[in-house]
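*Asks:* everything below, folded, please.
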Amino acid sequence: MATATPAKSAATGKGLQLPPYDHQPRPYKGPTTEEVLKLRKEHLTPSLFHYYRKPLMLVEGSMQYLYDEKGRRYLDAFGGIVTVSVGHCHPEVLAAVDEQNHLLQHTSTIYLHPGIAQYGKELADCMPGDLKVCYFVNSGSEANELAILLARSYTGNYDLIALRNSYHGGTANTMGITSHHTWKYNVPHSFGVQFARAPYPYRGPWPATDPNAGKNYAADVEELIRFASPGKIAGFIAESIQGVGGAVVLPDGYLQEVYKHVRAAGGLCIADEVQAGFGRTGKAFWGFQTQGVQPDIVVMAKSIGNGAPLAAVVTTHKIAETLAQRIHFNTFGGNPVSMAQGRATLKIMRRDNLQQRCAVLGDRLLTGLRKLQEKHEPIGEVRGMGLMIGVEAVKDRKSKEPNKEFIAEVLEQARERGLLIGKGGLFGNTLRIKPPMCITEADVDFMLAVLDESFAAAGK
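*Replies:* Numbering: from 1, shown residues only. The predicted structure is shown next:
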């Protein structure tokens, strides 16, 4: 295959170039961007939104790169919203899926199939302690729904505690444990749910440098149990790093303190690893391990399938037995093709030690971003672990007034230079940088060069 032509900066003409890459995209022969946009407006739900003033159409992917309909290459620094882990169209994943597609595309769990049993063991082998029972579903929202059901059924209690600034899904129950008004419709929800103060050191009363920050934020959970519940709760759920909320890293010791309060009230501890799991933090394979805790239930999705509609709930045998009281069934949970993609993805993660890659490249990226913070006044905070990073923009570093206009323009400027990134936070003022785990040092350096120019252009 021929090497694709490196992309240059269309905005500055300074010649920023993507690292060389040996892939030639296929000629695109489908409908134009304008035609696709028209079809989308006419036949798809108007709730869909898109980035960029001029919508971007992507038609091909290869590892950490994406291609538009004209064959232009982009570095994907958002990973399909933290979903593509080992790389777009990874050849080994494709081979595993292709082989399974030619054998059996679907059967349900009412029959035996080796794929789901083998994958269950392989995934359980990655879990600490007695977290050894897997239940496969199709999405993170569905997995969080199941975790809620498990907690309430096992404990016999109803009340749940979640965190402000959290996101757990868009179904009825998961909207009820999500704490961003932008994701909540004006319908009845959140019955029996209380929201604790977000352990958000940049915007909260206790900075991450305060040795008691974790304990102080956790005290609000204890207060809610005392004053806003019957004194007994079903459980507590938290993302190990808040993703949609803007890559907010919990202060040290926070979950240790919270788990004590929750278990004293008869509740189960649920770790939402949908974005932070599978080595992305670099420091550990699971985000909750960076807090030194052992959850009772772990929810995972996104990176688990490298783009497949696959998610899982992992818990103990004792808690899992709760579901045997009734029939609980998922038509597509454990689908042979999804299992093949999940197994291949996990094999690559472990064999290629992508966790260590996230640690090394994440440190390089964080160091570079903190240098850019010194140079560009709108950057209020750079935070994150591994390849799960947030860059929060403000209008003034003292007042910390959110600067969503700056971030919106940074996205536009970066796109023009060949870099695709995400945004988040309640005010849309935080860059979300969460690329596929297969990126290289050259990709990191390109990312930093693009962001340097983009910050400067957006700040004018």
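*Asks:* can you pull the buried residues of stretch 382-401?
*Replies:* For stretch 382-401, a neighbour-count test (16 or more other C-beta atoms under 10 Å) marks 382-395 as buried. In this view, the C-beta of every residue, glycine as well, is placed from N, C-alpha and C.
*Asks:* what's the farthest-apart pair in these?
*Replies:* The span of these, defined through C-beta to C-beta, is set by 386 and 395 at 29.2 Å.
*Asks:* could you measure from residue 412 over to residue 156?
*Replies:* Distance, residue 412 to residue 156, using C-beta to C-beta, to the nearest Å: 52 Å.
*Asks:* look at these two and report which has more neighbours.
*Replies:* Set residue 412 next to residue 156 and count neighbours by other C-beta atoms under 10 Å: residue 412 wins out with 16 against 10.
*Asks:* identify the residues contacting the helix or strand containing that one?
*Replies:* Using DSSP states H and E, residue 412 maps to helix 404-416. Identification of contacts with helix 404-416 by C-beta atoms under 8 Å, 6 or more residues apart in numbering yields 9-11, 51-53, 56, 74, 378, 393, 395, 420-421, 423, 427-431, 450-451, 453-455, 457-459.
*Asks:* can you check stretch 33-43 too?
*Replies:* The contact list for stretch 33-43, computed with C-beta under 8 Å, 6+ apart, reads 30-31, 48, 55, 57, 69.
*Asks:* can you show me the strands along the stretch 101-250 of the chain?
*Replies:* For the stretch 101-250 of the chain, applying DSSP state E, counting those that start in this stretch gives strands covering 133-137, 160-163, 193-196, 235-239, 241-242, 248-249.
*Asks:* in JSON lines: those, plus mean neighbour count.
*Replies:* Listed next are the strands of the stretch 101-250 of the chain as JSON lines, based on neighbours: other C-beta atoms under 10 Å:
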{"stretch": "strand 133-137", "mean neighbour count": "22"}
{"stretch": "strand 160-163", "mean neighbour count": "27"}
{"stretch": "strand 193-196", "mean neighbour count": "21"}
{"stretch": "strand 235-239", "mean neighbour count": "28"}
{"stretch": "strand 241-242", "mean neighbour count": "28"}
{"stretch": "strand 248-249", "mean neighbour count": "27"}
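*Asks:* so what does the helix of greatest length in the chain touch, helix or strand wise?
*Replies:* Longest helix in the chain, counting residues (DSSP state H): helix 354-375. Using 3 or more C-beta pairs under 8 Å, 6 or more residues apart in numbering; DSSP states H and E as the contact test, the elements touching helix 354-375 are strand 379-385, strand 388-393, helix 441-458.
*Asks:* what about the shortest one, distance to the chain center?
*Replies:* The chain centroid and the centroid of strand 388-393 are separated by 13 Å under C-alpha atoms, centre = their mean, to the nearest Å.
*Asks:* what's it in contact with?
*Replies:* Residues from elsewhere that reach strand 388-393 (C-beta under 8 Å, 6+ apart): 82, 202, 241, 243, 246-248, 275-276, 280-281, 362, 365-366, 369, 373, 378-384, 402-404, 406-407, 410, 424-425, 429-434, 451.
*Asks:* dump the C-alpha coordinates for it into CSV.
*Replies:* Extracted in CSV, the C-alpha atoms of strand 388-393 (Å, rounded to 0.1, in the frame of the first residue of the first chain):
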residue,chain,number,x,y,z
MET,A,388,-8.1,10.2,29.6
ILE,A,389,-7.4,13.9,29.7
GLY,A,390,-9.4,17.1,30.1
VAL,A,391,-8.4,20.7,29.3
GLU,A,392,-10.7,23.2,30.9
ALA,A,393,-11.0,26.7,29.5
